[in-house]
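**Q** Got a sequence here, can you model it:
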Amino acid sequence: MPMTYYQNADRYDLLPHPFKDFIPPGARYLVVGTFPAHTRSFKFYYSGEGNRFWEVLGLVFNHTFNVFSGDEAVKERKRFLTAQLIGMTDMHQLCYRKNKSSGDENLYPVFLTDIFDLLDQNPSVTTLVLTSRTDAVGALGLLKIYFMQKGLTLPDQETIRHNILYTTFKHQNRAIDVYIPISPSRRVEHYSLQKLTVMYRYIFSDP
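**A** Model (predicted):
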């Protein structure tokens, strides 16, 4: 059971990440988010009702997902990710969630994922894809905090094609590309499904 405390009228639940990293053998890409939504259709990444991630990836790879709930939905997506050499993780391993909100601004980090350790364990990964870019609370902001915890600084990002942010860093003499598209959350209503698909297609077609 999560640990809960109250501050004034606000409720804070201490939550461990509900499932493990998924990184198939030979993965080239590691998609990095923040933390799963409070309500989910299945026990895997980006399964909240308000997220267009799987819809976007289906369009990028011309793939149709057939199952949208339960364990079969998880298995279907793991097969897809394995075929496309894509891994999945989140920056929060342990965090407080305020008032059961799924918004990144209501998540407070306790322990962050050890990204460098994941890179060490998976030497085929050469690209990180961060699915939110908000300072401090998004995947990009949390990665910057992680670098600071390691006594390092994530290099500044530049805007490249399709409004994607990009940077790169060296880890154990290995170049790691970092792409930060717009979040696929439906909360980012001003960014259409078509624009998101163009962004993600560009990233996943990178040679």
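**Q** mind checking the end-to-end distance for stretch 88-99?
**A** 26 Å (CA to CA, to the nearest Å).
**Q** Can you check which helix is longest in this structure?
**A** As assigned by DSSP state H, the longest helix anywhere in the chain is helix 70-84.
**Q** mean confidence for that one?
**A** What helix 70-84 shows for mean pLDDT is 97.
**Q** Beyond that helix, next helix or strand please.
**A** strand 86-90 (DSSP states H and E).
**Q** that older thread, would you mind giving the orientation angle of the longest helix of the chain with respect to strand 86-90?
**A** Angle of helix 70-84 versus strand 86-90, following axes from the mean of the first three to the mean of the last three CA atoms, to 10 degrees, is 120 degrees.
**Q** Just the buried positions in helix 70-84, please.
**A** A73, V74, E76, R77, F80, L81, T82, Q84 (16 or more other CB atoms under 10 Å). (Each C-beta comes from the backbone N, C-alpha and C, glycine too.)
**Q** Can you report how many residues neighbour the residue nearest to N122 when sequence neighbours are not counted?
**A** The shortest distance from N122 to any residue other than its chain neighbours is 5.1 Å, reached at I23 (CB to CB, 6 or more residues apart in numbering). Neighbours of I23 under the rule other CB atoms under 10 Å: 22.
**Q** who's in contact with I23?
**A** By CB atoms under 8 Å, 6 or more residues apart in numbering, the contact list for I23 reads L30, G87, M88, T89, L118, Q121, N122, V125.
**Q** quick one: the residue lying closest to the second one once chain neighbours are set aside from Q84, how far?
**A** Think G87. Distance criterion CB to CB, 6+ apart; nearest residue to G87, sequence neighbours excluded, is I23 at 3.4 Å. To Q84, I23 is 12 Å away according to CB to CB, to the nearest Å.
**Q** beta partners for L30?
**A** G87, L128 (DSSP bridges).
**Q** Ignore what I typed, I meant Y96.
**A** With DSSP bridges applied, Y96 shows beta-bridge pairing to L14, Y108.
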